[in-house]
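Engineer: model the following, please.
(one chain, ligands or ions: 1)
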Amino acid sequence: MFELETLIRPNIRAMQPYSSARDEFQGEARVMLDANENSLGSAGPDRFNRYPDPQQRAVKAALAKLKGVEPGQIFLGNGSDEAIDLLVRLTCTPGQDRILILPPTYGMYEVAANLNDVGLERLPLTADFQLSPELVQQIVASEAKLVFICSPNNPTGNLLHAEAVEAVLRGFRGLVVVDEAYADFAAAPSWTTRLAEFPSLVVLQTFSKAWGLAGLRLGMAFASPEIITYLNKIKPPYNVSEATQQHALAALHDAPRFEQMRQELLLGRRWLLEQLPSLDIVEALFPSDANFLLVRFRPDATAVYTYLLSKGIVVRNRTTQPGCAGTLRLTVGTPAENEQLVAALREYPA
Ligand SMILES: *Cc1c(COP(=O)(O)O)cnc(C)c1O
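Structural biologist: A predicted model of the protein is given here:
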């Protein structure tokens, strides 16, 4: 049985959150002398002399509409990496509790656990990077406070089978965090559509990938209002800057550009998928629902990696990741970049 209150760290349940000036007074007064801001203005070209909305209401209203959720089901963070860290801290007492990860997967889950002195339980995905029935059983039996399920998975690119994820959601007692950083490139519906069914579900998404705003640092978590309230309680009050909020709002109103880039990246993925198998050095190509491809090279992936670097092309070497021996992760670029990549690989000295 999932019971949120028993999962929250006792000190966090008990603590009073910081009450900021902008929490206590909202809106435009004629004279704003409550927050020790600089009423004269700002150095630099733009005005940022006022603290931003700590609850990011305008962005959440636009996002709620787009995603079909309530504003109270949205947490915004300084990248989804902040949400990952806060979720670990929300549920795990340092030196005592642990989280569960499913390698090969995104590296930040482990970093967040290590940073917070939280234990790490690893249950490797199957050879085809899926959850087997045995694996689901092991997850459900685990005492971990939280499991990170990355789908589409980084670095492998594949979606995890929905039935298996659902079985975890039905059986696991901790929080089930489905990281959907790459959901916009996948053909499956987002798990945000199932939030009402599963009180333990947290869905992570980001502006860093399909929206093309990695430099802005804005991540989203979608969950029950109860979980979101706890995340808001422990976040730094002004964790999303005014510049980020304004820019995200403008991006959300630029849906055509988002859709055009998304389609172009999907075309690029398809083109690479067509081109790469004809290369002798490509041993295997893994199916991808993301904006990258995991590719197994022969005879020596690291030599290919170094060769590409010498040509000014940097990809991600994943050869040391569990189950990923001999692989490089190739991000889909512009059509010209994709062509340069394939041309360079074609010229790889045999
Ligand atoms: C890129 C990525 C993120 C995004 O992190 P941000 O902090 O939002 O940039 C999250 N999860 C996974 C699996 C990723 O690959």
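Engineer: so how far is Val165 from the nearest residue to Leu7 once chain neighbours are set aside?
Structural biologist: Take Leu7 and drop its neighbours on the chain: the residue closest to it by Cβ to Cβ, 6 or more residues apart in numbering is Thr91, 5.1 Å away. For the C-beta atoms, the positions are set from N, CA and C on the backbone; glycine is no exception. Here the distance between Thr91 and Val165 works out to 19 Å (Cβ to Cβ, to the nearest Å).
Engineer: quick check on whichever residue of the stretch 1-150 of the chain sits closest to the ligand: phi, psi?
Structural biologist: Of all residues in the stretch 1-150 of the chain, the one sitting closest to the ligand is Gly79 (2.6 Å; Cβ to the nearest ligand atom). As for Gly79, its main-chain torsions (degrees, to the nearest 10) stand at phi 80, psi 160.
Engineer: close enough to count as contact, it and Ala221?
Structural biologist: No: in this structure Gly79 lies outside contact range of Ala221 using Cβ atoms under 8 Å: 11.2 Å.
Engineer: of the two, which one has the most company?
Structural biologist: Neighbours per residue (other Cβ atoms under 10 Å) separate Gly79 from Ala221, with Ala221 holding more: 24 against 19.
Engineer: hmm, the strand or helix carrying the more buried one touching the ligand?
Structural biologist: Per DSSP states H and E: Ala221 is located in strand 219-222. Yes: contact of strand 219-222 with the ligand (Cβ under 6 Å from any ligand atom) involves Gly219.
Engineer: can you list the strands that that strand pairs with?
Structural biologist: Strand 219-222 sits in its sheet next to strand 74-77 (antiparallel), strand 201-206 (antiparallel), going by DSSP bridges.
Engineer: Throw these into a markdown table and include distance to Lys145, thanks.
Structural biologist: Converted to a markdown table, the strands paired with strand 219-222 look like this (distance: least, Cβ to Cβ, whole Å):
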| stretch | distance to Lys145 |
| --- | --- |
| strand 74-77 | 18 |
| strand 201-206 | 12 |
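Engineer: tell me which of these approaches Thr306 most closely.
Structural biologist: Closest to Thr306 of the strands paired with strand 219-222, according to Cβ to Cβ: strand 201-206, at 30.2 Å.
Engineer: and for that closest one, what's in contact with it?
Structural biologist: Contacts of strand 201-206 with the rest of the structure, by Cβ atoms under 8 Å, 6 or more residues apart in numbering, involve 79-80, 83-84, 87, 169, 175-181, 183, 190-192, 194-195, 218-224, 227.
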